[in-house]
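S.K.: Just need the structure, nothing else, for what follows:
(chains A and B)
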Protein chains: 2
Amino acid sequence: MRYKIVLEYDGTNFDGWQKQPNGKGVQNIVENALAAFNPEAPKTIVAGRTDAGVHALGQVISIDIAREITPNKLCDALNAHLRFHPIIAISAEAVDENFSARFSAKKRYYRYVILNRPAPPALLANRVWHLPHKLNLAVMQKAAMDFIGQHDFTSFRSVACQAKNPVRQMLDFTITPREDQIWLECSAPAFLHHQVRNMVGTLVEIGRGQRPADDIPRILAARDRAVAGVTAPAGGLYFVRVDY
Amino acid sequence: MRYKIVLEYDGTNFDGWQKQPNGKGVQNIVENALAAFNPEAPKTIVAGRTDAGVHALGQVISIDIAREITPNKLCDALNAHLRFHPIIAISAEAVDENFSARFSAKKRYYRYVILNRPAPPALLANRVWHLPHKLNLAVMQKAAMDFIGQHDFTSFRSVACQAKNPVRQMLDFTITPREDQIWLECSAPAFLHHQVRNMVGTLVEIGRGQRPADDIPRILAARDRAVAGVTAPAGGLYFVRVDY
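M.R.: Numbering: from 1, shown residues only, chains lettered A, B, ... in the order given. Model prediction:
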């Protein structure tokens, strides 16, 4: 029986989603929790392989479980085993055997949160990128529009990115002020490694006036990581949800 | 020279604002930090004496400092000394000698955050009251209107509350859904001990259908703490700001 499980986690103290020999991947903890009531060694398929320090509000995994169990019981049992970790199963549902959390995904949503005020965060430590100087939101919003559509995102992916094709289709990119925070939200069928953090880092340089507002098309055309801006810190990034 | 300082803090691991012999009051940490660059033992006056576990987004203190220092330098120096604690000075300003963070306050704002979904929080542990069963928001919103105006709030204050006069004037009480959260926000010139948490606890019992929607006037009239509902947990409460 195949299940789809939605997870929330605080990525601060994990080495990212992926299983690690040191046991500090979110996947290690989740698979250990699943192993406790699943006779076979469970192998999870994940929608978004988040990096170290990146959080998830709606990560999705698919998993085959031999034992018959109702989705609600699966969710509760999983949470009982996860109770000493900042990882929670929000929901579980039975899905058909062709479903894959990774390959059936139609649209992925990310949010990046900047705290834009002089004082560092007390309540949101490790949850935001703290930028003390006022960013020019209007030019950032205008520049972000140049990401929309289908582009070769080579300039915005990690040099270690293993995807064969660097072309991705950006469906949406909004930048919204929320009190002393700035939320950058984007969605696409799929993302490259570090793509969101590199797009955000570059937009911040534009918002600081270190780059012209119309720099994005030039950077995309260059197909060179060195031409784009810094990688925004992991702690501000949230994997929000997936549409299937 | 008198200064007004705005503080943000995560109240989770403190025994509340007030100075404690064990050193675990927020006031202990803040006064120690101020003492490091202030030759006289500093005595802070606070706008809201938050309880153990209660957070602040905009707590206000006033303090006299003998040494001449610009507000920006005071803020930075304070934050340097607070860097190992989840307490941040958001701003500082010089005020006249009649200003008191406590007695000059015209209006205080509180927010209470409920996480209303089956799964417990991963990212907001100790920051929300987790209530797994769907609350009836409409009846809670209607009931909250009965708090508006001037009332004897004896039924909604802690039996240990030391205020001589139990009459308070509630200016505003809104209840707003935010994705899987419910924000209860209220403002008043002043509050009694545990007043917000007792009002929230009672509204939740109404939202669960355990009390009639029109129960608030009866509870107020009873002037008896035992007639009102439970005290909502501290972790969901935020002292938001003060108007002067």
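S.K.: and A:Ile175, helix, strand or coil?
M.R.: The three-state assignment at A:Ile175 reads strand, by DSSP: H, G, I helix; E, B strand; the rest coil.
S.K.: mind listing what it touches?
M.R.: Neighbouring residues of A:Ile175 by CB atoms under 8 Å, 6 or more residues apart in numbering or on different chains: A:137, A:140-141, A:144, A:182-185, A:203. Any C-beta I mention is one placed from the backbone N, CA and C, and that applies to glycine too.
S.K.: redo that, cut-off 6 Å
M.R.: Contacts for A:Ile175 (CB atoms under 6 Å, 6 or more residues apart in numbering or on different chains) come out as A:140-141, A:144, A:184.
S.K.: Kindly report the same for A:Ala101.
M.R.: Applying CB under 6 Å, 6+ apart, one finds that A:Ala101 lies in contact with A:45-47, A:60-62.
S.K.: from those residues, which single one is nearest A:Phe103?
M.R.: Looking at the contacts of A:Ala101 and their distance to A:Phe103, the nearest is A:Ile45, at 8.0 Å (CB to CB).
S.K.: Check what pLDDT that closest one gets.
M.R.: The predicted local confidence for A:Ile45 comes out at a pLDDT of 96.
S.K.: Save the contacts of A:Ile175 as TSV, and put in distance to B:Asp224 and neighbour count too.
M.R.: What follows is the contacts of A:Ile175, written out as TSV (distance: CB to CB, whole Å; neighbours: other CB atoms under 10 Å in any protein chain shown):
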residue	distance to B:Asp224	neighbour count
A:Met140	56	22
A:Gln141	55	18
A:Ala144	57	23
A:Leu184	51	25
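S.K.: mind listing which of the contacts of A:Ala101 are in helices?
M.R.: Counted as lying in helices by DSSP state H, out of those, is not a single one.
S.K.: The closest residue to A:Leu220 other than its chain neighbours: helix or strand, and which one exactly?
M.R.: Closest residue to A:Leu220 apart from its sequence neighbours, by CB to CB, 6 or more residues apart in numbering or on different chains: A:His151 at 5.0 Å. Counting by DSSP states H and E, the secondary-structure element that holds A:His151 is strand A:149-152.
S.K.: Pull that strand out as PDB, backbone CA atoms only.
M.R.: The C-alpha trace of strand A:149-152 is given here as PDB (Å, rounded to 0.1, in the frame of the first residue of the first chain):
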ATOM      1  CA  GLY A 149       8.600  32.200 -17.900                       C
ATOM      2  CA  GLN A 150      11.000  29.600 -19.200                       C
ATOM      3  CA  HIS A 151      14.700  30.300 -18.900                       C
ATOM      4  CA  ASP A 152      18.100  28.600 -18.700                       C
END
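S.K.: coming back round to it: so in terms of bridging, what pairs with the residue nearest to A:Leu220?
M.R.: According to DSSP bridges, the partner residues bridging A:His151 are A:Arg168.
S.K.: And it, how close does it get to chain B?
M.R.: When CB to the nearest CB, to the nearest Å is applied, the distance between A:His151 and chain B equals 31 Å.
S.K.: what residues does chain A put near chain B?
M.R.: Contact residues of chain A with respect to chain B, defined by CB under 6 Å from any CB of the partner chain, are listed as A:8-10, A:86-88, A:90, A:119-120, A:122-123.
S.K.: what about A:Asp172, neighbour count?
M.R.: Burial of A:Asp172 is recorded as 13 neighbouring residues (other CB atoms under 10 Å in any protein chain shown).
S.K.: Bridged to it, which residues?
M.R.: Beta-bridge pairing for A:Asp172 (DSSP bridges): A:Ser187.
S.K.: now the one 4 residues further on
M.R.: Note on A:Thr176: beta-bridge partners by DSSP bridges are A:Trp183.
S.K.: What distance do you get for it to chain B?
M.R.: Counting by CB to the nearest CB, the gap between A:Thr176 and chain B amounts to 14 Å.
S.K.: Then A:Val95?
M.R.: Remark: distance between A:Val95 and chain B (CB to the nearest CB) = 19 Å.
S.K.: out of everything not next to it in sequence, what's closest to A:Val128?
M.R.: A:Leu115 (4.0 Å).
S.K.: Next, the contact list for A:Cys186, please.
M.R.: For A:Cys186, the contacting residues are A:110, A:173, by CB under 6 Å, 6+ apart.
S.K.: Mean confidence (pLDDT) on stretch A:12-31, please.
M.R.: Stretch A:12-31 carries an average pLDDT of 96.
S.K.: Mind listing what's buried along it?
M.R.: In terms of neighbour count (16 or more other CB atoms under 10 Å in any protein chain shown), stretch A:12-31 has its buried residues at A:12, A:14-17, A:19, A:25-31.
S.K.: Stretch A:167-186 too?
M.R.: Per 16+ other CB under 10 Å, stretch A:167-186 contains these buried residues: A:168, A:170, A:173, A:175, A:180-182, A:184-186.
S.K.: and of those residues, the nearest to chain B?
M.R.: Chain B has its nearest neighbour among those in A:Asp180, at 8.7 Å by CB to the nearest CB.
S.K.: The nearest residue to that closest one once chain neighbours are set aside: helix or strand, and which one exactly?
M.R.: Nearest-residue entry for A:Asp180: A:Arg117, 4.3 Å, with adjacent residues in sequence omitted and distances by CB to CB, 6+ apart. In this structure, A:Arg117 sits in neither a helix nor a strand according to DSSP H and E.
S.K.: Need the per-residue pLDDT for A:Arg117.
M.R.: A:Arg117 is assigned a predicted lDDT (pLDDT) of 95.
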